[in-house]
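Chemist: predicted model, plus sequence, below.
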Amino acid sequence: MKDSPEVFGTVTVGQRGQVVIPMKARKALKLKAGDQLIVMSGPPGKSEIISFIPAKSLAGFLRHFEIRIEALKKELSKQEKK
């Protein structure tokens, strides 16, 4: 994957709201049958943008952030005691 967004093609929303993720995208993101994706709207003010994020990637990102937040809380607690 590149540092900037990549266009993988277009999809059509079916009658049941389903879409097929293009093969090039599945390969680039290493997605396979059964993988879960988080579906999110775009950045604030851009609700018409839809993002699909692999759940396992988001879970790892959140765990990393939790560790950093806990470290910051400890540091702030030390500062408040001074």
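Modeler: The structure has been received and is ready for your questions.
Chemist: check which helix or strand covers the residue most central in space within the chain.
Modeler: For the chain, the residue lying nearest the average C-alpha position, counting by CA atoms, centre = their mean, turns out to be Ile53 (3.3 Å). Under the criterion of DSSP states H and E, Ile53 resides in strand 50-54.
Chemist: what helices or strands is the following helix or strand past that strand leaning on?
Modeler: Scanning forward in sequence from strand 50-54 by DSSP H and E, the next helix or strand is helix 55-81. Applying 3 or more CB pairs under 8 Å, 6 or more residues apart in numbering; DSSP states H and E, one finds that helix 55-81 contacts strand 37-41. In this view, the C-beta of every residue, glycine as well, is placed from N, C-alpha and C.
Chemist: the strand it packs on versus strand 50-54: what angle between them?
Modeler: Computed by axes from the mean of the first three to the mean of the last three CA atoms, to 10 degrees, the angle separating strand 37-41 from strand 50-54 equals 150 degrees.
Chemist: residue ranges with poor pLDDT in the protein?
Modeler: Applying pLDDT under 70 to the chain flags residues 1-2.
Chemist: thinking again about what came up before, so the residue nearest to the centre of the chain sits against Met40, correct?
Modeler: Yes: between Ile53 and Met40 there is a contact at 6.5 Å, judged by CB atoms under 8 Å.
Chemist: returning to what we had before: what lies in contact with the strand holding Ile53?
Modeler: With contact meaning CB atoms under 8 Å, 6 or more residues apart in numbering, strand 50-54 is reached by 21, 29, 31, 35-42.
Chemist: what subset of the residues you listed is buried?
Modeler: Neighbour-count burial (16 or more other CB atoms under 10 Å) applied to those gives 29, 31, 37.
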